[in-house]
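Enquirer: this one's sequence-less:
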């Protein structure tokens, strides 16, 4: 969708927008299901990047110590626990600028992915920048989806990070898509952006060819020690509007309520589900910040008559739409 189209939707009265998004949701996701995902930080802290919101950057004093890659056996144990508690997607995140073929850490990650993929869950990784070769090897090892958020608009991006560019993000997404992985890509609300930035972020996401398989909508959790530590929270209705717009702009994607759910009431989460969200990160921790408790999540879904979505580890990545060669274009 174009910025003008998104702006027209954004300017609708709140309930008119929600009605539009609900129709889009019911057309593509009529089953009243929510995908339960678990996100595990398999390598925490010590990242060389300067993302101004991130507790894991080595450039800031946040109390997050640099750790080594978690042992494979421990990761497998956590994945098995997540599966036993209802998660259908297991996402592994590492605080690196990127990974490169021929290094021990990349070989270790490939071995971990191969083991996790045998558990019958969807496997997602977020490891920073990927080249074509690394992307292909991850796909062959069993990665279902690659997470690489674009965070905000192209124009605002340089205000929140200087150690890589917005184009670098797009290049990694292109490499992952060319390798046959689905893309999980969204943004963060509350980075000092304005409404125009938020809509331009969605314009980019909706223009991916193929579109993302999942779109996380995060609300900034300000971390003491980072440049974003004093940022104000995002208005409740702004979050819900972004959920609704994401559902309309990328109708076949799972729209995921991600970071910031700790600050959301059950009533707010219910409105987000009604507006089009159908995926959550599920468990007690989300990388370095708290996440609502497992039992509370299950109780809320039960109240709303929603059920966990079944895993689809063999799902194919969305296909390119050749008649719509928008950036990052199909090769």
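Expert: Perfect, thanks for sending it. Source: prediction; values computed, not measured. Residues are numbered from 1 along each chain as shown.

Enquirer: ok, now which ones touch residue 126?
Expert: Under the criterion of Cβ atoms under 8 Å, 6 or more residues apart in numbering, the neighbours of residue 126 are 91, 92, 93, 94, 146, 147, 148, 184. In this view, the C-beta of every residue, glycine as well, is placed from N, C-alpha and C.

Enquirer: Sticking with the residue nearest the centre of the chain, tell me its helix or strand.
Expert: Residue closest to the average C-alpha location in the chain (Cα atoms, centre = their mean): residue 216, at 3.8 Å. Assigned by DSSP states H and E, residue 216 belongs to strand 214-219.

Enquirer: Ok, residue 86 next?
Expert: Secondary structure assignment for residue 86, by DSSP H and E: no helix or strand.

Enquirer: neighbours around it, how many?
Expert: Residue 86 has 16 neighbouring residues, counting by other Cβ atoms under 10 Å.

Enquirer: surely it meets residue 297?
Expert: No. Applying Cβ atoms under 8 Å as the test, residue 86 and residue 297 come out as separate, 9.0 Å apart.

Enquirer: what do those two both touch?
Expert: Joint contacts of residue 86 and residue 297 (Cβ under 8 Å, 6+ apart) are 36, 282.

Enquirer: Now do the one helix or strand residue 81 maps to: distance to the chain's middle.
Expert: Assigned by DSSP H and E, residue 81 falls within helix 72-84. Mean-position distance between helix 72-84 and its chain equals 21 Å (Cα atoms, centre = their mean, to the nearest Å).

Enquirer: Show me what that helix is packed against.
Expert: With contacts defined as 3 or more Cβ pairs under 8 Å, 6 or more residues apart in numbering; DSSP states H and E, the packing partners of helix 72-84 are strand 33-43, strand 89-94, helix 104-116.

Enquirer: Now it: buried residues?
Expert: 72, 75, 78, 79, 82, 83 (16 or more other Cβ atoms under 10 Å).

Enquirer: Including pLDDT and distance to residue 268, could those go into CSV?
Expert: Output for the buried residues of helix 72-84, formatted as CSV (pLDDT from 0 to 100; distance: Cβ to Cβ, whole Å):
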residue, pLDDT, distance to residue 268
72, 94, 38
75, 94, 33
78, 91, 29
79, 92, 30
82, 87, 25
83, 89, 29
